[in-house]
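[1] predicted model follows, preceded by the sequence.
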Amino acid sequence: MNTLVRFLTQATAVTVLALVAVVASAAELTTQDYIDIEQLYATYNHAIDAGDGEAWAATFTPDGTFNRFAGKDALVGFIRTWREKMNGATRRHWNSNLSITPSADGANGKVMLMLLDVGTTPPAIASTGQYTDVLVKTPAGWRFKSRQVKGDAPPKP
C-alpha cells in the first residue's frame, strides 16, 4: 500500500508541476501584448495595401524575413514588385481566425488570409491562404521576425 501511495503522490506532484508550467507559459503574454500584436497585423495589412514599403518593412525586425525576402531593403523592394508586377495595387488583405501563442522568444501567430481584387466589379477573391509567424517584442514594439505565407491549393478536379 505504501508503494501505491508513494506512486500516486509522485504522479500528482508531476501533474501539478506540468499544470503550473502550462499556466506560467500561457501567462507570458499580457492583455496589452495581445492588443499590440493585433495592431501589428492591422498595420501590416494597411501598409501593404497602401503600397507603403517603408511602413510595411517597419512591421518586421531589421533582419526580418517574409518568405524568401530578408532585411529592410529586400522587404521594401518586394512592395515595389508587388505593386508594379503582381497586381498589388488592386489587392486588399483580409485576415481572420488569428491565433497568438506565447513562445520562448516572444510569440507565434497563425492567421487566415483572403486576398481580394478590388480592381474588378464586383470585387473578387484573388486567393486565400495562411500566414505562419514568429513575433518578437522589440524596444519599438512587437515585430515580425519571420512571416511565411502559404496559399491554399485549388481543389482537385
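    Happy to help now that I have it.
[2] downstream of the host helix or strand of His93, the next helix or strand is which one?
    Per DSSP states H and E, His93 falls inside strand 91-103. Where DSSP H and E defines the elements, the next helix or strand beyond strand 91-103 is strand 106-117.
[3] got the angle between the next helix or strand after that following strand and strand 91-103?
    Moving toward the C-terminus from strand 106-117, the next helix or strand (DSSP H and E) is strand 124-138. Here strand 124-138 runs at an angle of 40 degrees relative to strand 91-103 (axes from the mean of the first three to the mean of the last three C-alpha atoms, to 10 degrees).
[4] buried sites along the helix or strand that strand 124-138 is followed by?
    Tracing the chain C-terminally past strand 124-138 and defining elements by DSSP H and E, one meets strand 141-151 next. Of all the residues in strand 141-151, those buried under the rule 16 or more other C-beta atoms under 10 Å are Trp142, Arg143, Phe144, Lys145, Ser146, Arg147. Where C-beta positions appear, they are placed from N, C-alpha and C, glycine not excepted.
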